[in-house]
Each structure stands twice: as C-alpha cells, then as structure tokens.
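Asks: Build me a model from this:
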Amino acid sequence: MSIEHEEPGHGDSPAAWTAVVVMLIAFAIGTVAFFLHMAWLVWAAAGLLVVGLLIGFIMSKAGYGVNGPKYVPKKVHN
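Replies: Okay, the predicted model is just below:
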C-alpha cells in the first residue's frame, strides 16, 4: 500500500530564493556596517531587508511562488 504525499515545496521557488538572497546580502552589509560603526548604512541595510521581503511577496503574488502558475517544480527521482 503506497500513499503518495505531495511536497509542500518548502519555499523552493524563484520568489523564495530571490527574497532570501536579497535578505542575506542586506544582513551581510548590515553586519559589516555595524562592525565599522556606520549607523546610516546599518539602517539602509535594514531597509534593504524589508525590500527583500516585499520582493518575495510581490513575486509570489505574480505567480512565481510555490503554488503559482509560473512555478515549475523540480522532478524528484527515487
């Protein structure tokens, strides 16, 4: 008896990857700026972090999320 479960996607979509990459870059910039005592750049990096979140949300609504019509899931080979 085999029960097949559909993978929830785990955020493996263009929208998720883009959001995560932008937010990781923002976090890295913010960390370096904090170390160098550049408060303005820390706040700019915080703003970029929010922009990354918005990019992911907008791309998801545009169809590039896990359940979006423009998303093509990878085939899993057993």
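Asks: which residue ranges form the helices in the protein?
Replies: Secondary structure of the chain by DSSP state H: the helices cover 14-35, 39-59.
Asks: In the longest one, which residues are buried?
Replies: Under the neighbour-count criterion of 16 or more other CB atoms under 10 Å, helix 14-35 has 14-16, 18-19, 22-23, 26, 29-30, 33 buried. From N, CA and C alone the C-beta is placed, and that goes for glycine too.
Asks: Report how many residues lie close to the closest residue in space to residue 14 that isn't next to it in sequence.
Replies: Computed as CB to CB, 6 or more residues apart in numbering, the closest residue to residue 14 that is not its neighbour in sequence is residue 64, at 4.4 Å. The burial metric for residue 64, expressed as a neighbour count using other CB atoms under 10 Å, is 19.
Asks: cool, and the one 3 residues further on?
Replies: Residue neighbour count, defined by other CB under 10 Å, stands at 11 for residue 67.
Asks: Now it, what are its backbone angles?
Replies: Note on residue 67: its backbone torsions stand at phi -100, psi 10 [degrees, to the nearest 10].
Asks: and what of residue 36?
Replies: Backbone geometry at residue 36, expressed as degrees, to the nearest 10, gives phi -90, psi 10.
Asks: Could you tell me what pLDDT the model assigned to it?
Replies: What the model reports as pLDDT for residue 36 is 97.
Asks: again with the one 10 residues further on
Replies: Predicted confidence (pLDDT) for residue 46: 97.
Asks: check contacts around it.
Replies: By CB atoms under 8 Å, 6 or more residues apart in numbering, the contact set of residue 46 is 26, 30.
Asks: Pick out whichever of the buried residues of helix 14-35 sits closest to residue 49.
Replies: Closest approach between the buried residues of helix 14-35 and residue 49, by CB to CB: residue 26, at 4.2 Å.
Asks: before we move on, the earlier item: residues touching the residue nearest to residue 14, list them.
Replies: 13-15, 70-71.
Asks: For residue 55, state which of the residues you listed is nearest.
Replies: Nearest member of those to residue 55, counting by CB to CB, is residue 15, at 8.0 Å.
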